[in-house]
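Coordinates for the following, if possible.
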Amino acid sequence: MSSDLLVDLHDDLGGDDSPSAALDQLKLVQDKQWPPDDPVSLSKSVSDIKSLGGTSHLSRDDPFYDIARYKIVEVAGDDNFGRKVIVFNACRIPHQDLLDQHRLLMYLKQTLDKYVESDYTLIYFHHGLTSENKPSLSWLRDAYREFDRKYKKNIKALYIVHPTMFIRTILILFKPIISFKFGRKINYINYLSELEEIMKCDQLVIPNRVREYDDKIRLSLKPSAIPGPISPRSPPLPFQQFGVPLSTLRQRVADSEPIPLVMRDTIGYLQEHGLQTEGIFRRSANVSLVKGVKLKYNSGEEVSFSQMDNIHLAAVILKTFLRELPEPLLTYQLYNDIVNFHNVDSESQAETIRNMLLSLPEENYAPLYFLIRFLAQVSAVSEVNKMTNVNLAVVFGPNLLWGQDAAMTLSAIGPINNFTRILLDLHQEIFTQ
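Modelled structure (predicted):
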């Protein structure tokens, strides 16, 4: 279908650009007009859902347990610009008879409610949407209505991965009711390798079916058009600060300073200028500025946040430094203990955490202590900056710990954030020096 035909399709629906008229016209489109499905896709959809095993990050008595167990919606830490990433997997939507799609919408809203006060990114994996699980146009219309300004204000980008003519058609149909500002946030991603520009792909739990489809479409291209593989990690440059082991950073400093330069610079600046800033750590920063600061650090140039006078840039650089460490600040060794920390009774929590942290190498322990003391200062003025320990834990939890496969899921993020919140609540008892 050419772009001209798509315009004709839009015209056939009325041609009136007013939102109300567009909504009325959408009511006329029946589900039978959806494009036909590949039989293989239908069978794979069923097998994908069965392979999930019915597990959920929510307890069985949670009202959304039956929705969450399909893992349609996931949270994947931060992107390369300090924004939380929400993932929606179309291939995990079960048959229409097995899922109340209105409740799916409510569950998505409940998930977003934890993050919409901060800047965030939404990644939608489109492959796997079939006639068996496609929502109706009226549902899509209602869904767009349901997500009011609260949800649209801070979404910085919507990435549609593996777009088809179907999804492009839908966006044209919805063009009259999608604001120009929101429309500019929609981006098409044709291959998974393109996601590396946005975030580390190994942070994402990408369904096998989506990976298989990506391999299939890459192989169907002419050799000259196949996107190249992700470059292997090269040895760190002499002055590189980002993506370098903490032990290496410490060895480079003559006095063996245990606090990395980036952490000293950003935290020092934020302590002096940022504590009163509302939403500190919730906003993203200009992409080119972030890249420029990273390049300066990695080239050995001096960075002055005071000259740049940008609170949110310094906050994003701090989070980015932590997220790009080859091993998380809290280390892989503590991963299982932290994810299962909810089993520790409240009376023993401070002592248990103290003993856990004592196992950290000095190059991990000292920066962690430095960071937590600073975050306690931020939280102390939360009436002004709106960053309580709970909010700080949501921001920093996924940047302090991830699994060795680097993939983040809701089932892991919840316990990690909870541990981080307790660490902040009990920091005076835990750090006794």
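
if you go through the stretch 1-150 of the chain in chain order, where are the strands?
Assigned by DSSP state E, counting those that start in this stretch, the stretch 1-150 of the chain shows strands spanning 73-78, 84-89, 120-125.

Report the angle between the first one and strand 84-89.
Using axes from the mean of the first three to the mean of the last three Cα atoms, to 10 degrees, the inter-axis angle of strand 73-78 relative to strand 84-89 is 150 degrees.

Quick one: low-confidence residue ranges for the chain.
Applying pLDDT under 70 to the chain flags residues 1-57, 222-236, 254-256, 406-407, 433.

Which residue ranges make up each domain of it?
Domain ranges of the chain: 3-225, 246-430, per automatic domain parsing.

circling back to that earlier point, could the strands of the stretch 1-150 of the chain go into CSV alongside distance to residue 172 and mean neighbour count?
Every C-beta, even on glycine, is put in place using the N, C-alpha and C of the backbone. Listed next are the strands of the stretch 1-150 of the chain as CSV, based on distance: least, Cβ to Cβ, whole Å; neighbours: other Cβ atoms under 10 Å:
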stretch, distance to residue 172, mean neighbour count
strand 73-78, 26, 24
strand 84-89, 20, 24
strand 120-125, 17, 23
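
for these, which one sits closest to residue 269?
strand 73-78 (20.0 Å; Cβ to Cβ).

Can you tell me which of the strands of the stretch 1-150 of the chain is nearest to residue 154?
Using Cβ to Cβ, the strands of the stretch 1-150 of the chain put strand 120-125 closest to residue 154, at 6.1 Å.

Note down every partner strand of the closest one and its orientation.
strand 84-89 (parallel), strand 155-161 (parallel) (DSSP bridges).

Make TSV from these and add distance to residue 258 to it.
Formatted as TSV, the strands paired with strand 120-125 follow (distance: least, Cβ to Cβ, whole Å):
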stretch	distance to residue 258
strand 84-89	29
strand 155-161	35
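
out of the ones you listed, nearest to residue 136?
It is, among the strands paired with strand 120-125 and with distance given as Cβ to Cβ, strand 84-89, at 17.4 Å.

Now do the closest one: distance to the chain's middle.
6 Å (Cα atoms, centre = their mean, to the nearest Å).

repeat for stretch 409-427
For stretch 409-427, the distance to the chain centre is 17 Å (Cα atoms, centre = their mean).

okay, it in CSV with CA atoms only?
C-alpha atoms of stretch 409-427 as CSV (Å, rounded to 0.1, in the frame of the first residue of the first chain):
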residue,chain,number,x,y,z
THR,A,409,12.0,-6.9,34.5
LEU,A,410,9.3,-5.7,36.8
SER,A,411,9.8,-8.8,39.0
ALA,A,412,13.4,-7.7,39.7
ILE,A,413,12.9,-3.9,39.7
GLY,A,414,10.4,-4.0,42.5
PRO,A,415,12.6,-5.8,45.0
ILE,A,416,15.7,-3.7,43.9
ASN,A,417,13.8,-0.5,44.4
ASN,A,418,12.5,-1.7,47.8
PHE,A,419,16.0,-2.5,48.9
THR,A,420,17.2,0.9,47.8
ARG,A,421,14.5,2.6,49.7
ILE,A,422,15.4,0.6,52.9
LEU,A,423,19.0,1.5,52.4
LEU,A,424,18.1,5.2,52.3
ASP,A,425,15.7,4.9,55.3
LEU,A,426,18.3,3.1,57.5
HIS,A,427,21.5,4.7,56.2
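
nearest to residue 305, of the strands of the stretch 1-150 of the chain?
Nearest of the strands of the stretch 1-150 of the chain (Cβ to Cβ): strand 73-78, 19.6 Å.

what does the closest one contact?
Contacts to strand 73-78, defined as Cβ atoms under 8 Å, 6 or more residues apart in numbering, come from residues 84-89, 107-108, 111, 115, 123, 199, 203-205, 319-320, 323, 398-399, 402, 407-410, 413.

Export the domains of the chain as TSV, with columns for distance to residue 240.
What follows is the domains of the chain, written out as TSV (distance: least, Cβ to Cβ, whole Å):
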stretch	distance to residue 240
domain 3-225	16
domain 246-430	5
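
quick one: which of those is nearest residue 239?
By Cβ to Cβ (comparing all of the domains of the chain), the closest turns out to be domain 246-430, at 3.1 Å.

Take the contacts of strand 73-78 and keep only those in helices.
Among the contacts of strand 73-78, DSSP state H puts 107, 108, 111, 319, 320, 323, 398, 399, 410, 413 in helices.

I figured the fifth one hits residue 82, correct?
Yes - Residue 320 is in contact with residue 82 according to Cβ atoms under 8 Å; the separation is 6.2 Å.

what residues are shared contacts of these two?
Counting by Cβ under 8 Å, 6+ apart, the contacts common to residue 320 and residue 82 are residue 290.

Comparing the two, which residue is more hemmed in?
Taking other Cβ atoms under 10 Å, residue 320 and residue 82 do not tie; residue 82 has more neighbours (26 against 22).

Look up how far residue 262 lies from the closest residue to that one other than its chain neighbours.
If the residues on either side of it in the chain are set aside, residue 82 comes closest to residue 316, at 3.6 Å by Cβ to Cβ, 6 or more residues apart in numbering. As for residue 316, its distance to residue 262 is 12 Å (criterion: Cβ to Cβ, to the nearest Å).

separation between residue 172 and residue 138?
Taken as Cβ to Cβ, the span from residue 172 to residue 138 is 17 Å.

right, I mislabeled it, should have said residue 334
From residue 334 to residue 138 the distance is 49 Å (Cβ to Cβ).

The two - which one has more neighbours?
residue 334 (20 against 15).

That one contacts residue 403, correct?
No - assessed by Cβ under 8 Å, residue 334 is found out of contact with residue 403, at 11.4 Å.
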